[in-house]
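Q: show me how the following folds:
(one chain, ligands or ions: 2)
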Amino acid sequence: MISVVFPVYNEEENVGKLHAAIKRVVDGLGEPYEIIAVYDDSTDNTLFELKKLSPVKIVVFAKNRGQTSALDAGFKIAKGDVVITLDADLQNDPQDIPRLIKKLREGYDVVSGWRRDRHDDWGRKVLSRSANWLTWKVTGLYLHDHACAIKAYKKSVLVGVNLYGEMHVFLPCILYLRGAKVTELEVTHHARAHGFSKHNFLKAVKDISDLMVVKFIFSVKRPLLLFSLVAVVFWSLSLISLAAAVIVGWVIYS
Ligand code: UDP
Ligand code: MG
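A: Numbers count the residues shown, from 1 in each chain. Ligands and ions are numbered 1, 2, ... in the order given. I've put the predicted structure just below:
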């Protein structure tokens, strides 16, 4: 079974079109499927629009908790052995779903999308390039586009993963550090036609702190040891400064 999961926050003009596009594609797969919309609260008529759709399973959050928590909830109720995630803003193209599944079935646990021809402003693209480089250096997983939302996962590798903060961006890294086989596939990307991006600079800052959390939890086995080493370096510097101050004082006053 294929589970298609998307988080939704203020996407009243997009959910209907997205659902129709997903349905068209998955109907053609000849396999059972489910479509899961995680409604992350909204200030517009998104829920009203979602309730018009069929087939769909809707998870309703009582308050806005962010894209990561929404995906986490979606993963937890997904019944498929293959789970596809994508954004609800029509920037990802459901037509890529069959190729992602085909690639996954070549023997991978995760297939991450790569928006080679990306339709976002240049500032986002520059920030994203730097983030991909940093993520590679910290985790050892090289992907061109960690933040691309359209991805395919084997459900079995998602078991036991709990996401919070902005960690969904680093899910392929978490799984890679746990031993999963990860690859990427070029996907189509469209400009946002309706609604607004909820991305902001603060999110990029939060991303970096979550990257460190991922590194500590899944890779650095003894964080205390690492911090002790850092402390030793600073103790040494302070001892050298103290010695220098004593010597300078002694020279001046003797
Ligand atoms: N989203 C969400 N909760 C939020 C913010 C966003 O569920 O608090 C959803 C949103 O509806 C979309 C996806 O997460 O489906 C990505 O959001 P957005 O397009 O704003 O981010 P961007 O693609 O610009 O990084
Ligand atoms: Mg978007």
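Q: sec struct for Val230, please.
A: At Val230, secondary structure determined by DSSP: H, G, I helix; E, B strand; the rest coil is helix.
Q: what about it, distance to ligand 1?
A: 33 Å (C-beta to the nearest ligand atom, to the nearest Å). Every C-beta, even on glycine, is put in place using the N, C-alpha and C of the backbone.
Q: who's in contact with Asp145?
A: By C-beta atoms under 8 Å, 6 or more residues apart in numbering, the contact set of Asp145 is Ser112, Gly113, Trp114, Arg115, Arg118, Ser128, Asn132, Glu184.
Q: now do the same for the spatially most central residue of the chain: its pLDDT.
A: For the chain, the residue nearest the mean C-alpha position is Val169 (1.9 Å; C-alpha atoms, centre = their mean). For Val169, the pLDDT comes out at 94.
Q: that one reaches His146, doesn't it?
A: Yes - with contact defined as C-beta atoms under 8 Å, Val169 reaches His146; the gap is 5.6 Å.
Q: return the residues of the stretch 1-150 of the chain in contact with ligand 2.
A: Residues of the stretch 1-150 of the chain lying near ligand 2 by C-beta under 5 Å from the ion: Asp87, Asp89, Gln91.
Q: out of the residues you listed, which is most surrounded?
A: Highest neighbour count within these: Asp89, with 25 neighbours (other C-beta atoms under 10 Å).
Q: which positions in this structure make contact with ligand 1?
A: Residues of the chain lying close to ligand 1 (C-beta under 6 Å from any ligand atom) are 6-9, 11, 40, 64, 66-67, 70, 87-89, 91, 197-199.
Q: can you say which of these are buried?
A: Neighbour counting with 16 or more other C-beta atoms under 10 Å marks 6-9, 11, 40, 66-67, 70, 87-89, 91 as buried within these.
Q: follow-up on the earlier one: for the residue nearest to the centre of the chain, give me phi and psi.
A: When quoted as degrees, to the nearest 10, the phi and psi of Val169 stand at phi -60, psi -30.
Q: and the closest residue to Phe196 other than its chain neighbours, what does it touch?
A: Spatial nearest neighbour of Phe196, chain neighbours left out: Asn10 (7.5 Å); criterion: C-beta to C-beta, 6 or more residues apart in numbering. By C-beta under 8 Å, 6+ apart, the contact set of Asn10 is Ser42, Thr43, Asp44, Thr46, Gly195, Phe196, Lys198.
Q: any idea how far the second one lies from Ile58?
A: Yep, that's Thr43 we're talking about. Computed as C-beta to C-beta, to the nearest Å, the Thr43 to Ile58 distance reads 18 Å.
Q: all helices of this structure, in order?
A: For the chain, the helices defined by DSSP state H cover 15-27, 46-50, 67-77, 97-104, 122-139, 155-158, 171-177, 201-218, 223-253.
Q: where among those helices is average confidence lowest?
A: helix 201-218 has the lowest average pLDDT among the helices of the chain, namely a mean of 85.
Q: helices or strands next to that one in the packing?
A: On a contact count with 3 or more C-beta pairs under 8 Å, 6 or more residues apart in numbering; DSSP states H and E, helix 201-218 meets helix 122-139, helix 171-177.
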